[in-house]
Each structure stands twice: as structure tokens, then as C-alpha cells.
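J.: Predicted model follows, preceded by the sequence.
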Amino acid sequence: MDDASAAPYAGAERGGGMGAFVGEPAPSAAVEAMYGDDLEGDGYVMNLTRVWAHAPEVHDAWTAFATASAEAARLGFRLKGVVVSALAGALRDSYCSFAWGGRLARASDPATAAAVLRGEEAAGGSALDVSERVIAAWARRLARDPNSTTADDVAALRDVGLDDRTIVALTAYIAARIAFSTVNDALGALPDAELHASAPGAVRDAITWGRAPAS
């Protein structure tokens with residue numbers, strides 16, 4: 001991980017004029033529904049939605065897989081925040097770092113969210129419990145190098161109360177989130193200006209990687 005004092009987004013490219021490298025999708029009922037969901041929930045259409053709206057059926061399939069995995073793993077809102085913040089920081093994905101770092105800050109506190117994004121929650125000053133720290137470490141390991149995992153890593157998950165079914169479901173959810181980040185990042189989706197503005201200062205200061213937010 002880069003030193004936190006490094007200039008934010010050093011060397012990062014911006015996306016295209018529409019907030020991504022792909023243009024606006026062709027109008028359709030499915031696109032209208034996706035945009036309507038964003039407008040109802042967030043008040044604006046997210047740049048990542050404009051990317052995924054080119055293939056609504058793919059987005060629907062991803063959503064179903066991620067939702068089923070999260071439910072099977074019994075992930076609540078806070079633990080989703082821990083998982084996605086940890087893997088987004090490891091992937092250097094600024095979009096999901098802003099989105100889920102902000103959510104984790106609301107579910108815990110801004111300092112804890114910033115620590116998870118940086119991978120520093122075990123160093124103190126974090127409100128995460130032992131199980132949350134172990135799960136964050138697992139998410140980070142999968143994002144960086146899934147071939148580096150060991151039986152001891154899985155044993156650590158069992159030690160904090162996860163059975164094998166839950167471990168499989170958790171791993172599937174993490175993999176789904178990595179795939180989601182990969183599509184957004186590869187196609188140049190810029191973190192929304194609204195998303196950046198709504199994130200707590202500690203979260204904004206922690207994110208020194210990935211694509212700069214849209215202006």
C-alpha cells in the first residue's frame with residue numbers, strides 16, 4: 001500500500017467525458033429501470049450504472065449471485081462494509097472505496113472505515129472485533145493473491161465461528177465484489193462527485209489510489 005502521504009490518485013487516469021470509457025447506453029425499458037432505481041435511492045444516476053446499463057441482464061445476474069452469496073454468508077450491512085472496504089483498498093479501487101468506506105463509516109465510525117481501507121485496522125484505533133478483522137484479512141488476501149491462501153487462513157475463519165458453508169458463501173461474495181470492481185475500473189468509471197462529497201473527511205483522506213472522482 002502506498003504511503004498515506006502520497007499525492008491522491010498519483011498517476012491515475014480520468015475516465016471519459018461521460019464518467020467512463022464507454023458512452024451512454026441505448027434507451028430501453030431495462031436501462032430506464034436501472035436509472036430509476038438510482039434516482040429513487042440516491043437522487044442521481046451513478047457512473048457505474050451507466051456502464052452496467054449496457055448489459056442489464058449481466059448486471060441482474062451479478063446482483064442475484066452477490067445477493068445469494070451475502071445471504072448464505074449471513075452478512076449484515078456493517079460486515080458488508082468491512083468486506084468491500086478491505087478488498088477495495090487492496091484492489092486500489094477508488095469507486096467502491098468511497099461508496100463502501102462511507103457506508104462503513106456510518107455503520108461504525110470514520111476512523112474505523114479509514115483504517116480498514118488502508119489495511120490498518122489491527123494497528124489500533126479501530127472498532128472492529130476479532131471476527132471482523134479476520135474477515136477483512138481474508139477479503140484482502142483474495143483481492144491481492146487468491147493462490148497465496150493456506151489452510152491456516154481458513155482455520156482462522158473457523159476459529160471466529162464460521163462454518164464451511166459460510167466460508168464458501170463469504171468467499172463467493174468477495175469474488176463477486178472483486179469482479180464488480182474489475183468491470184468498473186477497467187472501463188474507467190469515475191467515482192461520482194456526489195459520492196465523494198458525502199464521504200467523511202477521514203475516508204476521503206485515506207483514499208490515495210485509483211481514479212479521481214468526477215468533477
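T.: Okay, I see it.
J.: what ranges do the helices span in this protein?
T.: In order along the chain, the chain carries the following helices (DSSP state H): 29-41, 47-52, 56-72, 77-91, 94-107, 110-118, 130-144, 151-159, 164-186, 193-198, 201-206.
J.: quick one: which of those is nearest G23?
T.: When these are compared by Cβ to Cβ, helix 47-52 sits nearest G23, at 8.6 Å. Where you see a C-beta, it was placed from the backbone N, CA and C, and this is true even at glycine.
J.: OK, contacts around D38?
T.: If you count contacts by Cβ atoms under 8 Å, 6 or more residues apart in numbering, D38 has them with Y44, V45, M46, T49.
J.: Revised request: answer the last question for L170.
T.: L170 sits in contact with S69, A73, L75, V83, I135, W138, L157, L162, where contact means Cβ under 8 Å, 6+ apart.
J.: from those residues, which two are the most distant?
T.: S69 and L157 (15.1 Å).
J.: State the number of residues packed around the spatially closest residue to D205 that is not a sequence neighbour.
T.: Distances taken as Cβ to Cβ, 6 or more residues apart in numbering put A114 closest to D205, at 6.9 Å, once the chain neighbours are dropped. When counting by other Cβ atoms under 10 Å, one arrives at 27 neighbours for A114.
J.: how far away is A114 from D159?
T.: Computed as Cβ to Cβ, to the nearest Å, the A114 to D159 distance reads 27 Å.
J.: just to revisit the earlier point, any chance of the helices of the chain in CSV, with distance to P213 too?
T.: Converted to CSV, the helices of the chain look like this (distance: least, Cβ to Cβ, whole Å):
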stretch, distance to P213
helix 29-41, 17
helix 47-52, 10
helix 56-72, 22
helix 77-91, 14
helix 94-107, 7
helix 110-118, 15
helix 130-144, 21
helix 151-159, 34
helix 164-186, 13
helix 193-198, 4
helix 201-206, 9
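J.: how about those in TSV, adding distance to F21 and mean pLDDT?
T.: TSV is the format used below for the helices of the chain (distance: least, Cβ to Cβ, whole Å; pLDDT from 0 to 100):
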stretch	distance to F21	mean pLDDT
helix 29-41	18	98
helix 47-52	9	98
helix 56-72	17	98
helix 77-91	18	98
helix 94-107	14	98
helix 110-118	25	97
helix 130-144	22	97
helix 151-159	36	98
helix 164-186	8	98
helix 193-198	18	96
helix 201-206	24	98
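J.: To G19, which of the ones you listed lies closest?
T.: Ranking those by distance to G19, with Cβ to Cβ as the measure, places helix 47-52 first at 3.6 Å.
J.: doesn't I135 make contact with A156?
T.: No: when contacts are counted by Cβ atoms under 8 Å, A156 is not listed as touching I135 (9.5 Å).
J.: Those two: which has the busier surroundings?
T.: For the pair A156 and I135, the greater number of neighbours falls to I135 (25 against 18), based on other Cβ under 10 Å.
J.: wait, what's in contact with that one?
T.: Contacts here follow Cβ under 8 Å, 6+ apart; on that basis I135 touches L79, V82, V83, A86, L157, V160, L170.
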